[in-house]
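Engineer: Provided below are the primary sequence and the corresponding predicted coordinates.
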Amino acid sequence: MNYSIRILCATGLLVISSRSYSQDCGSLNIQLRSEIPSSCTEMTMTMRQDNIGRPYLYVAQKEGGLKIYDISAPSSPQLVQGIPITALDSLHVMNVSQNGNYLYLALGNSFSKSQNPGMAIIDITDPVHPLVTDVYKYPVPSGGAGIVKADGNYAYLGAMTNGLVILDISDKHKIKFVSKFLPDRNFPTAKPDTAKYNARGMEVRDGFVYLCFDAGGFRIIDISNKLEPHEAGRYSNPEMNGRPRAYNNVVLKDSLAFVAVDYFGMEILNISDPANIRLLSWWNPWNCTGGLNNWFTSDGHANEIDINPQCNKIFLSTGKSDMYVVDVSNPLSPDSCEAYGGVANNIGTWGISTFRDNIYLSYICTLGIPFASNWTGVKILTYSPCAADIPVEKPEAVALFPNPCSQRITVVDKNISSAIGSAHFEIENLLGMRFQAPILAAGPTSVAFDISTLPEGNYRLRLNNGNGAWSAKFIKSSIK
């Protein structure tokens, strides 16, 4: 396939163009298991598999409310329960997330923007008998909602044109409004079309909301004071100036944000300093800045995004291109390595989620803006994740000393269960960049490395001895 990768170097923006610059994902072996069809009058938006191990799939079915499927037999999912919109203040279900035994539904039609933003809490202690504990409706009769995330006693609602709404959910039977934050609409354009500035994708971590603000770029919101949230950083790719931009969704890994940016593909941002967000690389499969390609003619639109952090694989729903998998083992050089579907099948995706070896794609009905799709529902796929290569933090298995260290670090097999000296080792920083460290000494139960040439910072040492894979963190410091 043809695409370009752009990486930010010390000397500026380097553009690398290539033909057939696509690699093998390493036998992902993606297979279709089953389909859950719907109708355009009950359009499927997105879905989540139960993340505490039960065999259920929760589907945001827009006009059809919430649908719950038993997927204990993935090839034959069975509808077991549903919650109609009549139980949700007549608001459409646009998105679903889970935190323990509760689902959080983002409510309100965000396509026509004809409904209030809202949120519902669903008790799924027994998924076959879900209970609506409360429904909240924001008192503005337009805009709808795009996403919701729960963290502790608070929920964060992406209320589209109304911005970010923070809700107190400490009492699941009484949702309480806390505050609202509307990011500056005069960035990155001085005279914005305010209808295109929508809080629609987010992650919540460590006192910050990482918010995709649609045409308003990517924002980091400090929520340490829930009553007075404020913006800590902002970013928008300058090459999008003068073109339609849509920052749609985001996932995080360590100090990196992977952002789905519609027909511009995916950006990888360094967010270690919220006030200085930096573009590391840009996966640009549809050559959005070249030729006659534009929002209407592009073969793909990156809408929702998910990540397998152990495998360093990004999964993207890409509109009429269905799905791309991107290898981000080296975040400075992301590379597509697998795809599913294609532009000629007359259907297009909106949502995506993954859990263990399952991939879920939701398809929507659309008449051609920006792509045509004549089918809606869920496709359940399976794949072969890199289970054998997943490093597991096992402090009881290995020890690193000294830590922090400046010149030399030794890894010791505390179990003395195998010949660690013959294991395969890798050292990488938290951005995923790999480094060479010469071996100074190796024995059956320990190996010493020379790290004197590594820059100061945080690192992860990975090892695989044939019987398993482990990793441990260490700090390179100048202090001897």
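Structural biologist: Structure received. Residues are numbered from 1 along each chain as shown.
Engineer: Now do the helices in the protein.
Structural biologist: In the chain, no helices are defined using DSSP state H.
Engineer: can you list the domain ranges for it.
Structural biologist: Taking automatic domain parsing as the criterion, the chain consists of the domains 2-389, 392-476.
Engineer: okay if I get the ones you listed as JSON lines plus mean neighbour count and mean pLDDT?
Structural biologist: Heads up, the C-betas are built off the backbone N, CA and C, glycines and all. Formatted as JSON lines, the domains of the chain follow (neighbours: other CB atoms under 10 Å; pLDDT from 0 to 100):
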{"stretch": "domain 2-389", "mean neighbour count": "19", "mean pLDDT": "91"}
{"stretch": "domain 392-476", "mean neighbour count": "16", "mean pLDDT": "74"}
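Engineer: how close does the closest residue in space to N303 that isn't next to it in sequence get to I305?
Structural biologist: Sequence neighbours aside, S317 is the residue nearest to N303 in space, at 4.8 Å (criterion: CB to CB, 6 or more residues apart in numbering). S317 sits 8 Å away from I305, going by CB to CB, to the nearest Å.
Engineer: shared neighbours of the two, which are they?
Structural biologist: Each of I352 lies in contact with both S317 and I305 under the rule CB atoms under 8 Å, 6 or more residues apart in numbering.
Engineer: one step back: can I assume the residue nearest to N303 is in contact with I347?
Structural biologist: No: with contacts counted by CB atoms under 8 Å, S317 stays clear of I347, the gap being 11.7 Å.
Engineer: and the residue lying closest to P402 once chain neighbours are set aside, what is it in contact with?
Structural biologist: Spatial nearest neighbour of P402, excluding adjacent residues (CB to CB, 6+ apart): I409 at 7.2 Å. Neighbour list for I409: 400-403, 448-449, 451, 461, 474 [criterion: CB under 8 Å, 6+ apart].
Engineer: 10 Å - rerun?
Structural biologist: For I409, the contacting residues are 400-403, 427, 437, 440, 447-451, 454, 459, 461, 474-476, by CB atoms under 10 Å, 6 or more residues apart in numbering.
Engineer: Could you do E35 as well?
Structural biologist: 77, 361, 363, 375, 377-380.
Engineer: so it bridges to which residues?
Structural biologist: E35 has these beta-bridge partners by DSSP bridges: K379.
Engineer: any idea how far it lies from P402?
Structural biologist: 56 Å.
Engineer: and what of S75?
Structural biologist: 53 Å.
Engineer: Which pair of the contacts of E35 spans the longest distance?
Structural biologist: Spatial extent of the contacts of E35 (CB to CB) is set by the pair P77 and W375 at 16.6 Å.
Engineer: Hmm, A195 is touching N162, no?
Structural biologist: No: checked against CB atoms under 10 Å, the pair A195 and N162 is beyond contact range at 12.0 Å.
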